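Enquirer: starting from these lines, generate the structure:
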Amino acid sequence: MPAHHRHTRWGLAVAAVFIVAACKDSTGPQAHLSNPAGLSSDLQTVSDVLLSPTFRSFSKVSDTTTGSPAAAPSRVGTLLHAAPIGPPRSSRTLDAYSAARLRALRLGAATFSAGGAISASVVPQPLLGTTWVWNTTTHSYEQDGTFTPAAPTDRVRIILYAVDPITDDIVETPLTPTGFVDLVDESTTAPAVDKLHVIVSGGTPTSPGTPYANYTVSATVTGNPASAFTASASGFVSDGTHTLTFSATFAATQLDTDNPDIQVDITWDLDNPAIHVELHETFVLSDASHITLTITEFSVTHGAETVSMHGTITITLLSPTTETVTMNLTIDVNDEPWVRISGTDDGITVRHNDGSQLSGAEGQAFLDLFGLPGAIEFAFVSLFGPCQSLMGA
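Expert: From the prediction side, this is the model:
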């Protein structure tokens, strides 16, 4: 789905709630946004940083259908997917990425367990010093041994190409390079850490252009089979005008059981306008089919105003593709309640704390706020994607 299609199935249901939830049911003091349209604009700026053409091209590096060396199963690959950045095609709801993160962390732990102890290298030796380009005949990436300049021997280099925003495929007529990514192996054995340095640049290897991303991803695993897994990332992404600096940690314990626990901590800082975003959440499984997502803090600070969400989402997995979701969330403005989200599936309601309905501008600000964690999560999937494959997913 194109990136501008921002309403998810649940988001459309929420929009309907704004119309019908007009009854009053006072539960305490009522806060209001000082500038709902301003908040929406700021949130959109954060999301748009992840939608630059070069960054969209970078997301194809982790696509298993492209033949990319960073998409094939390996230890580096596990890293990039378990602790996820790529352009969000649409807003992702909190429940959707909760289940996806659980699957990614389980896969990551299994991969590292199967691969044994931390190795001195996450990039397979045959890939070091190679450059990969797109072949319009095979419609996939292939190694180009004659490419100049040759990639340094500590990395694998992948040329990036324009991507059709509608089909999400690399455009072959004409084939248009948009930049390149270097995956630099910085792993160590003392201490034992799998580490990858990812550098996404515009231009060409001969004449590098705008830096669109520069970050490191590292991972450690405990036990064999794995019982705990931790991945972290730090660095920045940019659209050439705005820069988002981030730090993220993903940790899972009890991975050798059917009910692992997961902790996610992410901070983002946008340079212009100055916006600070924090996401702290835990996933607890009572069994293999029941997940409780606790949002300790998801906050956006812009100017003198901090908008923060906290509460729980309970998910029951009915099948690999279906689930039932119960939400009990509160959104505060400068620590005063603004909106409450509660209910199960189609019965989920969104109201002011005093029971009144949101205005149109508030409703859009809510949708933008609620969609941002999913955009951040999806972005991290692309950032961690190359590591996931190279590390063994």
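Enquirer: CA atoms only for stretch 163-182 - export them in CSV, please.
Expert: Extracted in CSV, the C-alpha atoms of stretch 163-182 (Å, rounded to 0.1, in the frame of the first residue of the first chain):
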residue,chain,number,x,y,z
VAL,A,163,11.7,2.3,-6.2
ASP,A,164,8.1,2.7,-7.6
PRO,A,165,6.1,4.1,-4.6
ILE,A,166,3.0,2.3,-5.9
THR,A,167,4.3,-1.2,-6.6
ASP,A,168,7.3,-1.0,-4.2
ASP,A,169,9.5,-2.6,-7.0
ILE,A,170,12.8,-1.4,-8.3
VAL,A,171,12.2,0.7,-11.4
GLU,A,172,14.0,-0.9,-14.3
THR,A,173,13.0,1.4,-17.2
PRO,A,174,15.1,3.4,-16.7
LEU,A,175,17.2,1.8,-14.0
THR,A,176,18.2,4.8,-11.8
PRO,A,177,20.8,4.6,-9.0
THR,A,178,19.9,6.7,-6.0
GLY,A,179,22.8,5.9,-3.7
PHE,A,180,24.6,3.0,-2.1
VAL,A,181,24.8,1.2,1.3
ASP,A,182,28.0,-0.1,3.0
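Enquirer: buried sites along it?
Expert: Of the residues in stretch 163-182, 163, 168, 170-171, 177-182 count as buried by neighbour count, 16 or more other Cβ atoms under 10 Å. From N, CA and C alone the C-beta is placed, and that goes for glycine too.
Enquirer: where's the dip in pLDDT among the residues you listed?
Expert: Lowest pLDDT among the buried residues of stretch 163-182: Asp168, with 84.
Enquirer: what about the buried residues of stretch 163-182, which are in strands?
Expert: Judged by DSSP state E, strands contain the following of the buried residues of stretch 163-182: 177-182.
Enquirer: what residues of the longest strand along the chain count as buried?
Expert: In terms of residue count, the longest strand belonging to the chain (DSSP E) is strand 208-222. In terms of neighbour count (16+ other Cβ under 10 Å), strand 208-222 has its buried residues at 211-213, 215-221.
Enquirer: what strand or helix carries Leu39?
Expert: Here Leu39 sits within helix 36-49, counting by DSSP states H and E.
Enquirer: how about the nearest residue to Leu128, chain neighbours excluded?
Expert: Nearest residue to Leu128 in three dimensions, chain neighbours excluded: Thr153, at 5.5 Å (Cβ to Cβ, 6 or more residues apart in numbering).
Enquirer: between the buried residues of stretch 163-182, which sits nearest His242?
Expert: For those, the residue nearest His242 by Cβ to Cβ is Gly179; the value is 17.3 Å.
Enquirer: on that earlier part again, continuing past the helix holding Leu39, what's the next helix or strand?
Expert: Where DSSP H and E defines the elements, the next helix or strand beyond helix 36-49 is helix 53-59.
Enquirer: can I get that next one in CSV? Just the C-alpha atoms.
Expert: The C-alpha coordinates for helix 53-59 follow below in CSV (Å, rounded to 0.1, in the frame of the first residue of the first chain):
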residue,chain,number,x,y,z
PRO,A,53,13.6,8.1,-2.1
THR,A,54,17.0,6.8,-1.1
PHE,A,55,15.7,5.4,2.2
ARG,A,56,12.9,3.7,0.3
SER,A,57,15.5,2.2,-2.0
PHE,A,58,17.4,1.1,1.1
SER,A,59,14.4,-1.0,2.3
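Enquirer: which elements pack onto it?
Expert: Secondary-structure packing of helix 53-59 (3 or more Cβ pairs under 8 Å, 6 or more residues apart in numbering; DSSP states H and E): strand 155-161, strand 177-185, strand 192-203, strand 208-222, helix 360-390.
Enquirer: now those as JSON lines including distance to Leu39?
Expert: Converted to JSON lines, these look like this (distance: least, Cβ to Cβ, whole Å):
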{"stretch": "strand 155-161", "distance to Leu39": "33"}
{"stretch": "strand 177-185", "distance to Leu39": "31"}
{"stretch": "strand 192-203", "distance to Leu39": "29"}
{"stretch": "strand 208-222", "distance to Leu39": "26"}
{"stretch": "helix 360-390", "distance to Leu39": "5"}
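Enquirer: between the ones you listed, which gets nearest to Thr138?
Expert: For those, proximity to Thr138 was assessed by Cβ to Cβ; strand 155-161 is nearest, at 14.2 Å.
Enquirer: so what strands line up beside that closest one?
Expert: Sheet pairing of strand 155-161 (DSSP bridges) gives strand 131-135 (parallel), strand 177-185 (antiparallel).
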